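S.K.: Fold the following and give me the result.
(chains A and B)
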Amino acid sequence: MRCVKQDAELPVPAARRGDPDAWDVLFRRYQLPLYTYAVDLLRDEHLALDVVQETFLKAFRHLDSLRDDARFGSWLFGIAHQNIVSHWRRLGRSPFSDDPVPESESSADPEPGFDLIRVEEREAVLAAVDALPSAQRVVILLHFLEDFPLAEIAAITGTFVGTVKSRLHYGKAALRQRLSTIVPRP
Amino acid sequence: MKSPRSLLLGRHQGAEAKLDLIRARTLASLKGSTGSIKAAPISAPLWRVLWIELFYRPRHAWAGIGACGLLALGINGLAIFSSDLPPTASSSPLVAVEEAVRQRSQLLAELRGQTPPLSPHPAPITAPDRNRRRSAIRAESGLGIA
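M.R.: This is a model prediction of the structure:
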């Protein structure tokens, strides 16, 4: 069951007719998830804001290419994903490389004597997500943020469903392992 | 307990103000650029539909066809260029025929006991005039009876 608002309830047909209120609703609905997705992948606040703005503009200009209104969300994330990839390439980074995040960016490894019990679960989850390789992080973010089905994640990222399934599986396994290390169960 | 979604979104809740500003700016710029916030029409004109369906969507296929055409043109041009090169002595059929004729005439001369012709183009061999008198032939060669 999808825990986020269904795209069929969104005012996409009204946006096609040029209703400004409809666009406002759509932008308002997706601005934070898009920003979260972008900033968690790019790790740069300004670039992420640029990505959100570019995504809004492209969505407005190319809404006629959307065939199924119910897939507005995945279509929008697809645009954002392409923007992120182009930013990555501009920065000279290889998109979806499986290089892990440098340890300095991750707060997962506790220092000696650090009281693990005091680490909040929230911080642990976020740190564990941050520590994932980017290929897995992309899939995990899309899964957690919008609960997209595998086929839609594959369409957004331009990969095969099997690849998405595998990355999701290994990403979740890595999260579980990391969380069990950081927040040991009583 | 919070869901992963709310955890992920909650981390960037502080950016909401900036995002609101971006949303407002984007909507304002869209209104300003188009006069009204009218997106692309739902029913596109026929030429646009044809363009998209026939050319834009299968653009990779068209690119492939174009590349094949260019390749064929290139190969064809290369073949024409190579045929324009000056022929070598061994490859020219005219030279081969001349050589064969020269060998045949040399062989003929050997069979007749004559020296081979020096010229690569031997003079035509004329048949002896059988109507001439033998006395006339002797007189020409100086073998006449004194």
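
S.K.: got the domain boundaries for chain B?
M.R.: The record's domain parsing of chain B by automatic domain parsing lists B:58-86, B:88-123.

S.K.: right, and those - which one's nearest chain A?
M.R.: With distances scored as CB to the nearest CB, the stretch of the domains of chain B nearest to chain A is domain B:58-86 (13.9 Å). No exception for glycine: its C-beta is placed from N, CA and C like everyone else's.

S.K.: just to revisit the earlier point, rank the domains of chain B by pLDDT, which is bottom?
M.R.: Among these, domain B:88-123 has the lowest mean pLDDT, at a mean of 74.

S.K.: what would the domains of chain B look like in a markdown table with distance to chain A?
M.R.: Below are the domains of chain B laid out as a markdown table (distance: least, CB to the nearest CB, whole Å):
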| stretch | distance to chain A |
| --- | --- |
| domain B:58-86 | 14 |
| domain B:88-123 | 53 |
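
S.K.: where does chain A come near chain B, residue by residue?
M.R.: A:3-4, A:15-20, A:23-24, A:27-28, A:31-33, A:35-36, A:39-40, A:45, A:49, A:52-53, A:56-57, A:60-64, A:121-122, A:125-126, A:129, A:141, A:144-145, A:147 (CB under 8 Å from any CB of the partner chain).

S.K.: Tell me who's in contact with B:A15.
M.R.: A:32, A:35, A:39, A:45, A:49 (CB atoms under 8 Å, 6 or more residues apart in numbering or on different chains).

S.K.: how close does it get to A:H46?
M.R.: Going from B:A15 to A:H46 by CB to CB, to the nearest Å gives 11 Å.

S.K.: returning to what we had before: the residues of chain A next to chain B, buried ones only, as a ChimeraX selection?
M.R.: Buried residues within the residues of chain A next to chain B, by 16 or more other CB atoms under 10 Å in any protein chain shown, are selected in ChimeraX with:
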select /A:15,16,18,19,20,23,24,27,31,32,33,35,36,39,40,49,52,53,56,60,63,125,126,129,141,144,145,147
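
S.K.: Inside helices: which ones of the residues of chain A next to chain B?
M.R.: A:15-16, A:20, A:23-24, A:27-28, A:31-33, A:35-36, A:39-40, A:45, A:49, A:52-53, A:56-57, A:60-61, A:121-122, A:125-126, A:129, A:141, A:144-145 (DSSP state H).

S.K.: Which helix or strand in chain A has the lowest average pLDDT?
M.R.: Ranked by mean pLDDT, DSSP states H and E, the helix or strand of chain A with the weakest confidence is helix A:121-130, at a mean of 83.

S.K.: helices or strands up against that helix?
M.R.: Under the contact criterion of 3 or more CB pairs under 8 Å, 6 or more residues apart in numbering or on different chains; DSSP states H and E, helix A:121-130 touches helix A:134-146, helix A:161-182, helix B:4-11.

S.K.: Now do it: distance to the chain's middle.
M.R.: Relative to its parent chain, helix A:121-130 has a centroid offset of 15 Å by CA atoms, centre = their mean, to the nearest Å.

S.K.: quick one: it to helix B:4-11, angle?
M.R.: 90 degrees (axes from the mean of the first three to the mean of the last three CA atoms, to 10 degrees).

S.K.: which residues touch the particular helix or strand that has A:A154 in it?
M.R.: Secondary structure assignment for A:A154, by DSSP states H and E: helix A:150-157. Helix A:150-157 has contacts (CB under 8 Å, 6+ apart) with A:71, A:74, A:77-78, A:81, A:96, A:138-139, A:142-143, A:148, A:160-161, A:163-165, A:168.

S.K.: before we move on, the earlier item: of the helices and strands packed on helix A:121-130, which stretch is the most buried?
M.R.: For those, the largest average neighbour count (mean count of other CB atoms under 10 Å in any protein chain shown) is found in helix A:134-146, namely a mean of 23.

S.K.: now that helix: mean pLDDT?
M.R.: Mean per-residue pLDDT for helix A:134-146: 92.

S.K.: which strands and helices sit next to it?
M.R.: Here helix A:134-146 touches helix A:20-42, helix A:72-90, helix A:121-130, helix A:150-157, helix A:161-182, helix B:4-11, going by 3+ CB pairs under 8 Å, 6+ apart.
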